[in-house]
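S.K.: just coords:
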């Protein structure tokens, strides 16, 4: 077992994470803390990190040092970014930190910052072609990602804090000031030729992007409260941008989702975002809750286990396996593997009937892999608890809606019932067509689960033929196995199958 | 680690459980299966268990034998009750079982059956004075419990299956048949003098009692879907009894909550319940989902760890500790202990202000102990996940409503927010007064949690004085500790405190 602390000291805030890697290779986030230390304040004018900034940073770091010893952390990865990078007293400041806290902090280059952000995103969001940007307090890193690989990358020394100071955007902003700021940003961005009209999704990390997600979720009464992988269209962005930049300071404060410590610097941040949207001609932005810190972690994790690359091949698969690994012994791994295999056999062979594609298959696979995780909460009614857990677990590679759908499918693995449906929160995040799919796919999962109710892997294979309105399921059972119980359990779903697929199901054992 | 199988072969059904006891002493239910084998069919007339019954039982037991080997069970506790006890071929039948499945099954006496049922109930339901009855297929066990101890106990050889056969109650029942049956039951019950007019709650275990809970939950649209510890009033019982006994067989089938394999024997079961209600003059029945099987388990558990008694002293405390023990490392035990201690200090010292009693204190303690369990699902938004988990975990000693309330309190441990409230399912199971309490108590939990946000146990003690409309909280901090972070975090709740308690909160560190 390994306990790792990660510290990311930026120009606006400092972040602290503690993660644990268990012997079975699964990792869990144990602790997270963020503080606004505003190292970047005054930096643009003086070239120095202020004494106040240094004091705030040291206070936080001393606390982290304590927490690390309390929690038994045996590895600390600590990095400092733009503010320390550009300050004349940056080196000296890190020396002070080392003396006073024994934390060895590394200043990373803009390129490395961009790369780590990329690693954090590529391992937690499914997109392959996008422009990643990390807008911090004193810099913006941008990375053009094509087919999952970073193609080009740049770090520009302008950020939400430094721009706010340069253009005095803290309070109510006048139109001409804003235009001057826009012009400045545009000029800087225009030096990067590969941004022009790329017209691919933006993925935004850092406080400004996250705050836009929060404001949009509040404005649209978004049911779910997750930021990571939230999608924001250009038109929704524009709407919020208008409010942020035209309201008086007093009214800006009232925008739901905009926290008090960001009221001052949001105008600058918003303006950068607007210019990035304009220059790239992008139509949407995905907000990433994971970035540099997670990138550092994945890099370490890959080194630790000597993986060929810190870029995870299949992020959904990896996060499912990881999640199961963090749970206790309530989930029977062999059973879940068997149920997943058989569920997908049913899905594939019934394809002419349901006509769902690869994405639906992925959701069904997710539901099957995780259908029993609810036993962690309580064996009784565990299908419903699985639905909840799947909907909220740290799974990557699914949209919010998809993740909930996978949960709803798993929730019906003992059959579709009104009681289970009533127990679902966020049911309205799936639409009518989704619900038709959920019901159909869950019927396949229920059949496969029933076929292994004795955990004995009685079934070797399913083979389906469809004749008129009859589905004949020929079941090859393992040699010397007894299949009465499985047969009985599976037959409980014949009625449901008929209802959902409008076909009769006949089981033949051989 | 120990894996234990429990088999309970009754006259109507056979039950199979697999539990795991981990090295940290926590136990989890891994598997559960029930089948209707109707060993009791024909027994009343012939005195023998039928060949069909024997075949059904052997089929189930062979399957269980397989599952045990698949799951690596190293201990099997198997008991047979009334049917085998009274059948002339009972011994011979157990011999056959031993030969064909290698399962050594023990016939237990009615007294031992009653005692094990008592153990299962006393360790999972908070009542101290009650009449426990276990109505099975071929017998009823009754135990009078006073101050938590079994005072008197009896087993009568009449059950839902045997009475159904004797009076031919399978189909539509005529009034005179029903009256004959009532008379028969009453006569048997009247032989037990200590039942008369005891006027204490009934606790019913076994299929008939559980089915009544299900029917009532359906009829009243009860939101929650838990049977164990469900309360059924005499008037609600009477209402359902009327329906069950007066409807034709075809219409009886349609009663929501009444499963197909119980339609035939429910009239007999209901009639026994009615006569027990009448004779005892009891006003309510609590339904127990735990009984003989759990009793066997607790007996084994107590032996295994050489506990002084199989009766657990504090069932809530035990089940909380057990639940935490089954979870992974996401919950930091020392932090939770500290937060619980400080939360209860606040509660006790603010008693003149909130005036809540011991029960509220217990709910707050539960919330504090478990406030971080949601990290098992996801670190992010874990307060909300804790609310869900606490509401559904196998905790004993709380009513359904109380358990949900403890969850709601924990869900607010990062402050009261609309978002969290929206995330709550079953919020309407708490009433307006409950919500006032939830908000107040959660404020205390949030303050205590904030005081230990660094996991360093900075705070040694809280000391409160109330002056006019000001609450002065003097905080003794540990020697050489740094309390700025805790102070800052606690101050975030001053506004909430004012809102909920209508008093100003002042923090003084010393």
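M.R.: Looks like it arrived, so ask away. Since we're looking at a predicted model, the values are computed, not measured.

S.K.: those strands in the stretch 101-250 of chain A, which residues are they?
M.R.: Chain-ordered strands for the stretch 101-250 of chain A, with DSSP state E, counting those that start in this stretch as the definition, fall at A:106-107, A:130-135, A:140-146, A:149-156, A:202-205, A:230-233.

S.K.: Check what contacts the fifth one and list those residues.
M.R.: Yep, that's strand A:202-205 we're talking about. A:117, A:120-121, A:125, A:127, A:130-135, A:212, A:273, A:276-277, A:280, A:282, A:284-292 (C-beta atoms under 8 Å, 6 or more residues apart in numbering or on different chains). Quick note: C-beta positions are derived from backbone N, CA and C, even for glycine.

S.K.: please redo it, this time with the cut-off set to 7 Å
M.R.: Contacts with strand A:202-205, where a contact means C-beta atoms under 7 Å, 6 or more residues apart in numbering or on different chains, come from A:117, A:121, A:125, A:127, A:130-135, A:276, A:280, A:282, A:285-288, A:291.

S.K.: With the fourth one instead?
M.R.: With contacts defined as C-beta under 7 Å, 6+ apart, strand A:149-156 is touched by A:110-111, A:113-115, A:118, A:139-145, A:188, A:192, A:194.

S.K.: which one of the residues you listed sits closest to chain B?
M.R.: Distance from chain B was checked for each of those by C-beta to the nearest C-beta. The minimum falls on residue A:118, at 21.5 Å.

S.K.: What residues does the stretch 101-250 of chain A have near chain B?
M.R.: With C-beta under 7 Å from any C-beta of the partner chain as the criterion, the stretch 101-250 of chain A comes near chain B at residues residue A:225.

S.K.: In the stretch 301-450 of chain A, what residue comes closest to chain B?
M.R.: For the stretch 301-450 of chain A, the residue positioned closest to chain B under C-beta to the nearest C-beta is residue A:379, at a distance of 4.1 Å.

S.K.: Would you agree that residue is in contact with residue B:29?
M.R.: Yes - the pair residue A:379 and residue B:29 passes the contact test of C-beta atoms under 7 Å, sitting 4.1 Å apart.

S.K.: What is the helix or strand bottoming out on mean pLDDT in chain A packed up against?
M.R.: Ranked by mean pLDDT, DSSP states H and E, the helix or strand of chain A with the weakest confidence is helix A:43-46, at a mean of 86. Where contact means 3 or more C-beta pairs under 7 Å, 6 or more residues apart in numbering or on different chains; DSSP states H and E, helix A:43-46 is packed against helix A:160-167.

S.K.: can you put the strands of the stretch 101-250 of chain A in JSON lines and add mean pLDDT and mean neighbour count?
M.R.: Output for the strands of the stretch 101-250 of chain A, formatted as JSON lines (pLDDT from 0 to 100; neighbours: other C-beta atoms under 10 Å in any protein chain shown):
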{"stretch": "strand A:106-107", "mean pLDDT": "96", "mean neighbour count": "16"}
{"stretch": "strand A:130-135", "mean pLDDT": "96", "mean neighbour count": "26"}
{"stretch": "strand A:140-146", "mean pLDDT": "96", "mean neighbour count": "23"}
{"stretch": "strand A:149-156", "mean pLDDT": "95", "mean neighbour count": "16"}
{"stretch": "strand A:202-205", "mean pLDDT": "97", "mean neighbour count": "27"}
{"stretch": "strand A:230-233", "mean pLDDT": "97", "mean neighbour count": "18"}
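
S.K.: Can I get those in TSV including distance to residue B:171?
M.R.: As requested, the strands of the stretch 101-250 of chain A are arranged in TSV below (distance: least, C-beta to C-beta, whole Å):
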stretch	distance to residue B:171
strand A:106-107	82
strand A:130-135	69
strand A:140-146	71
strand A:149-156	73
strand A:202-205	67
strand A:230-233	60
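
S.K.: How much space separates residue A:475 from residue A:509?
M.R.: 5 Å (C-beta to C-beta, to the nearest Å).

S.K.: In terms of packing, which of these two has more residues around it?
M.R.: Here residue A:475 and residue A:509 are set side by side on neighbour count (other C-beta atoms under 10 Å in any protein chain shown), and the busier one is residue A:475, at 20 against 16.

S.K.: show me the residues around the more buried one that make contact.
M.R.: Going by C-beta under 7 Å, 6+ apart, residue A:475 touches A:459, A:462, A:507-509.

S.K.: now it, what's its secondary structure?
M.R.: With DSSP: H, G, I helix; E, B strand; the rest coil as the basis, the three-state label of residue A:475 is strand.

S.K.: what's the distance between it and chain B?
M.R.: Taking C-beta to the nearest C-beta, to the nearest Å as the criterion, residue A:475 is separated from chain B by 17 Å.

S.K.: Identify the bridge partners of that residue.
M.R.: Here residue A:475 shows beta-bridge partners residue A:462, residue A:509, assigned using DSSP bridges.

S.K.: residues contacting residue A:59?
M.R.: Listed by C-beta under 7 Å, 6+ apart, the contact set of residue A:59 reads residue B:484.

S.K.: Which pLDDT value does the model give it?
M.R.: At residue A:59, the model reports a pLDDT of 92.

S.K.: Pretty sure it sits in a helix.
M.R.: Yes - according to three-state DSSP, residue A:59 belongs to a helix.
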